[in-house]
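Participant: Structure for the following, please:
(2 chains)
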2 protein chains.
Amino acid sequence: MDLNISVELTSAKKQKPEIDQLSFGKYFTDHMFIMDYDAGKGWHDPRIIPYQPISLDPAAKVFHYGQTVFEGMKAYKTAEGRILMFRPYKNLQRLNRSNARLSIPALDENVIMEALRKLVLVDEEWIPDEQGTSLYIRPFVIATQATLGVSPSEQYHFMIILSPVGSYYAEGINPVSIFVESEYVRAVTGGVGNAKTGGNYAAGLKAQQEATDKGYSQVLWLDGVHRKYIEEVGSMNVFFKVGGKVITPALNGSILDGVTRDSVIQLLRYWDIEVEERAISINELVEAYRNGTLEEAFGTGTAAVISPIGELNWQGDKLALNEGRTGPLSAKIYDFMTGIQRGTLEDPFGWVVKL
Amino acid sequence: MDLNISVELTSAKKQKPEIDQLSFGKYFTDHMFIMDYDAGKGWHDPRIIPYQPISLDPAAKVFHYGQTVFEGMKAYKTAEGRILMFRPYKNLQRLNRSNARLSIPALDENVIMEALRKLVLVDEEWIPDEQGTSLYIRPFVIATQATLGVSPSEQYHFMIILSPVGSYYAEGINPVSIFVESEYVRAVTGGVGNAKTGGNYAAGLKAQQEATDKGYSQVLWLDGVHRKYIEEVGSMNVFFKVGGKVITPALNGSILDGVTRDSVIQLLRYWDIEVEERAISINELVEAYRNGTLEEAFGTGTAAVISPIGELNWQGDKLALNEGRTGPLSAKIYDFMTGIQRGTLEDPFGWVVKL
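Facilitator: All right, here's what the predicted structure looks like:
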């Protein structure tokens, strides 16, 4: 792959939004990275250009057959002006695992890392530095070949776009209410649930919309086979503290191998807190709630880092966790993770990378 | 919805491909239909314009979260120059069912039918009239809002593009070899398997690719829960003739409610052939093969109409059906269906619509 990334700078920089106007993925920076793939030629023409619309044939496969993958990462600016990222290679490795599942040609992770570094530096002034803010990084691949046959595309775009994002918790970390979904299913073993591809998110929209209408922030997904084992919460992995021990669903092929999930597991073990990755049924959780041992629950993901769960609605029963307040372990993990990500705490794992 | 469809004709008509160069969905006509949706405004600005690329923000939700639906239909030109379509409202009703599942705002089926009629007439000279050819019609919706939050888009494009397609069977109707898939799963009840959305097709690419590498045309999908019940074949519904009776998987929420499937069921009953819609396990089929009662198998879909199955590979065992030749019932259904679709046979069902 050609490592020579060309750079065309914009002649008309955009006005940056006010910090308190930032929400998630609403504003984009002045530049983007794009690279093309053609069968027989491979990935070619890596380039940084002004952020702009892309032009595609209406028959492009992405519009019809959903052949897409993406990643989500963040860059932080420290008080001293250093730019930090969190385990970026973990995301790029997963991007290639998603590519393999979706029959998309592999990307050179070193080239992507270099593209990402170069793009973030070009748009460095867009990285917000207030507490809780960051620059969200969205690498993605779309199938662009203009034919309607159902087969892997012979042409693709790989792109990276950047979005300054505000604090997920405008007024501090707050627990969310979760609706346990028993009608709709997100994914099943043998499917694409462990790949970061558009179809998984499309499949979740309806349940999310119905949960929102009932006053809940997210849904807790159950497995598609037995309809009783916990999978994910919204688009996050999920953890429960039961009787002093932490449990989280094992990677079974239908849930995402989250980078934050993996980091939290390692962190808990570093703190000598027992963690089990295994099948967890909703009945086990309800039982633990009834006997008073279900102490805390939280989601993990790049966007929110840690999202404490204050209530679970299971078929009309409302299970209040830690009296609806953020649990002490959730808070401790959040403080540690965001601390090392922002460079205010020492990183004992070597996870944080300076750009 | 505004029924006033504006028409802008191209000033530079494209050269039409030779009939023997047509394959599936490779060439597109001179014009396309497009209409926009904005929250609060609804669907608006229906228009026929020259076929051209569309320009989208790189953050458009279709690129990230797969919020898409589509349909597939055909128009035929008879020897007398009439233009015929097959049960078009059935497809438009399904389009709206897909929309509902994908949290996409409903379309007015009468407006879409009028758009379709007008577009096909504008590009009438593109409809091939040789035996086995037709004009393939692809209506589709894509989410265009440029924000990365995982929620239903507030903006969409609805489009129709047209593609002259050749005979699916260049040398007559020929049986295909099918690999019974036991690793990958296409869809599961509670998911989006019964909606015509991109993610279902993306999820099938890998299995299809591996089957092709083994020398098979398509995969036969088994259900995601028990991993033993027949679902679909490739992107077609599937029928089996066993002991004089025809059986096909019941609509269980994870398979597509095919228009050709429904038509074949009605046709068989019209012919006094018994049809059962029910769960069919792969073991039942293998058993029927062993005792000599598995007489025929065929797929049904808009593209191929009827696709006879000559061989099933189940975990290495090769089951040859009707000695690998097209069965008499498959041939009879194919001849009838294509006959009424092309206007050479009388249509006793009122399925065929003259544009």
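
Participant: Leaving out the residues flanking it, which one is nearest to the residue of chain A found nearest chain B?
Facilitator: Relative to chain B, the nearest point of chain A is residue A:199 (2.0 Å; Cβ to the nearest Cβ). Glycine gets a C-beta too; all of them are placed from N, C-alpha and C. Residue nearest to residue A:199 in three dimensions, not counting chain neighbours: residue B:199, with 2.0 Å by Cβ to Cβ, 6 or more residues apart in numbering or on different chains.

Participant: quick one: secondary structure of the one you found?
Facilitator: Under DSSP: H, G, I helix; E, B strand; the rest coil, the three-state class of residue B:199 is helix.

Participant: what about it, how many neighbours?
Facilitator: Counted with other Cβ atoms under 10 Å in any protein chain shown, the neighbours of residue B:199 add up to 31.

Participant: Can you tell me the closest non-neighbouring residue to residue A:250?
Facilitator: In this structure, residue A:250 finds its nearest non-sequential neighbour in residue A:277, 4.3 Å apart by Cβ to Cβ, 6+ apart.

Participant: wait, what's in contact with the one you found?
Facilitator: A:247-251, A:265 (Cβ atoms under 8 Å, 6 or more residues apart in numbering or on different chains).

Participant: Mind doing that once more with 10 Å?
Facilitator: A:246-252, A:261, A:265 (Cβ atoms under 10 Å, 6 or more residues apart in numbering or on different chains).

Participant: Then residue A:193?
Facilitator: A:101, A:185-187, A:199-200, A:203, A:221, A:223-224, A:231-232, A:252-256, B:185, B:188, B:191, B:203.

Participant: Just the buried ones from those, in ChimeraX syntax?
Facilitator: This is the ChimeraX syntax for the buried subset of the contacts of residue A:193, where burial follows 16 or more other Cβ atoms under 10 Å in any protein chain shown:
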select /A:101,185,186,187,199,200,203,221,223,224,231,232,252,254,255,256 /B:185,188,191,203
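
Participant: Show me the domain layout of chain A.
Facilitator: Annotated domains of chain A cover A:6-165, A:176-340 [automatic domain parsing].

Participant: Return the residues of the stretch 251-355 of chain A in contact with chain B.
Facilitator: Within the stretch 251-355 of chain A, the positions near chain B by Cβ under 10 Å from any Cβ of the partner chain are A:253-254, A:303.

Participant: Closest to residue B:139 out of these?
Facilitator: Of all these, residue B:139 sits closest to residue A:254, with 31.5 Å by Cβ to Cβ.

Participant: hang on, the closest one packs against residue A:226?
Facilitator: No - using Cβ atoms under 10 Å, residue A:254 is not in contact with residue A:226; the gap is 11.7 Å.

Participant: I'd like to know which elements the helix or strand residue A:34 falls within is packed against.
Facilitator: Assigned by DSSP states H and E, residue A:34 belongs to strand A:31-38. Judged by 3 or more Cβ pairs under 10 Å, 6 or more residues apart in numbering or on different chains; DSSP states H and E, strand A:31-38 is in contact with strand A:42-50, helix A:109-122, strand A:134-143, strand A:155-165.

Participant: TSV please, covering those and showing distance to chain B.
Facilitator: As requested, the helices and strands packed on strand A:31-38 are arranged in TSV below (distance: least, Cβ to the nearest Cβ, whole Å):
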stretch	distance to chain B
strand A:42-50	11
helix A:109-122	13
strand A:134-143	5
strand A:155-165	5
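
Participant: which one of these is the most hemmed in?
Facilitator: Mean neighbours per residue, mean count of other Cβ atoms under 10 Å in any protein chain shown, is largest over these for strand A:134-143, with a mean of 24.

Participant: Return the distance of that one from the chain's centre.
Facilitator: The chain centroid and the centroid of strand A:134-143 are separated by 10 Å under Cα atoms, centre = their mean, to the nearest Å.

Participant: how far off strand A:31-38 does it point, in degrees?
Facilitator: On the basis of axes from the mean of the first three to the mean of the last three Cα atoms, to 10 degrees, strand A:134-143 is oriented at 20 degrees to strand A:31-38.

Participant: pLDDT value on residue A:170, please?
Facilitator: Model confidence at residue A:170, given as pLDDT, is 63.

Participant: so where do the helices sit in the stretch 151-300 of chain A?
Facilitator: For the stretch 151-300 of chain A, helices defined by DSSP state H, counting those that start in this stretch occupy the ranges A:198-213, A:259-270, A:282-290.

Participant: among these, which is the most enclosed?
Facilitator: Of those, helix A:198-213 is the most buried (mean count of other Cβ under 10 Å), at a mean of 23.

Participant: Which other helices and strands does that helix contact?
Facilitator: By 3+ Cβ pairs under 10 Å, 6+ apart, helix A:198-213 packs against strand A:68-70, strand A:176-180, strand A:218-222, helix B:61-65, strand B:68-70, helix B:88-101, strand B:134-143, helix B:198-213.

Participant: Reformat these as JSON lines; add distance to residue B:350 and mean pLDDT.
Facilitator: JSON lines is the format used below for the helices and strands packed on helix A:198-213 (distance: least, Cβ to Cβ, whole Å; pLDDT from 0 to 100):
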{"stretch": "strand A:68-70", "distance to residue B:350": "41", "mean pLDDT": "98"}
{"stretch": "strand A:176-180", "distance to residue B:350": "45", "mean pLDDT": "95"}
{"stretch": "strand A:218-222", "distance to residue B:350": "43", "mean pLDDT": "96"}
{"stretch": "helix B:61-65", "distance to residue B:350": "37", "mean pLDDT": "98"}
{"stretch": "strand B:68-70", "distance to residue B:350": "26", "mean pLDDT": "98"}
{"stretch": "helix B:88-101", "distance to residue B:350": "11", "mean pLDDT": "98"}
{"stretch": "strand B:134-143", "distance to residue B:350": "20", "mean pLDDT": "98"}
{"stretch": "helix B:198-213", "distance to residue B:350": "31", "mean pLDDT": "96"}
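
Participant: so which of the ones you listed comes closest to residue B:320?
Facilitator: helix B:198-213 (17.3 Å).

Participant: so can I have CSV of the helices of the stretch 151-300 of chain A showing distance to residue B:179?
Facilitator: Output for the helices of the stretch 151-300 of chain A, formatted as CSV (distance: least, Cβ to Cβ, whole Å):
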stretch, distance to residue B:179
helix A:198-213, 22
helix A:259-270, 35
helix A:282-290, 36
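
Participant: pLDDT weak spots in the stretch 51-200 of chain A?
Facilitator: A:169-172 (pLDDT under 70).

Participant: repeat that for 90
Facilitator: Along the stretch 51-200 of chain A, the parts satisfying pLDDT under 90 run over A:79, A:129-132, A:166-174.

Participant: So what does the closest residue in space to residue A:296 that isn't next to it in sequence have for phi and psi?
Facilitator: Spatial nearest neighbour of residue A:296, excluding adjacent residues (Cβ to Cβ, 6+ apart): residue A:327 at 3.2 Å. With angles defined as degrees, to the nearest 10, residue A:327 sits at phi -70, psi 160.

Participant: Does residue A:327 touch residue A:246 like I think?
Facilitator: No - the pair residue A:327 / residue A:246 is not scored as a contact, 11.0 Å apart, by Cβ under 10 Å.
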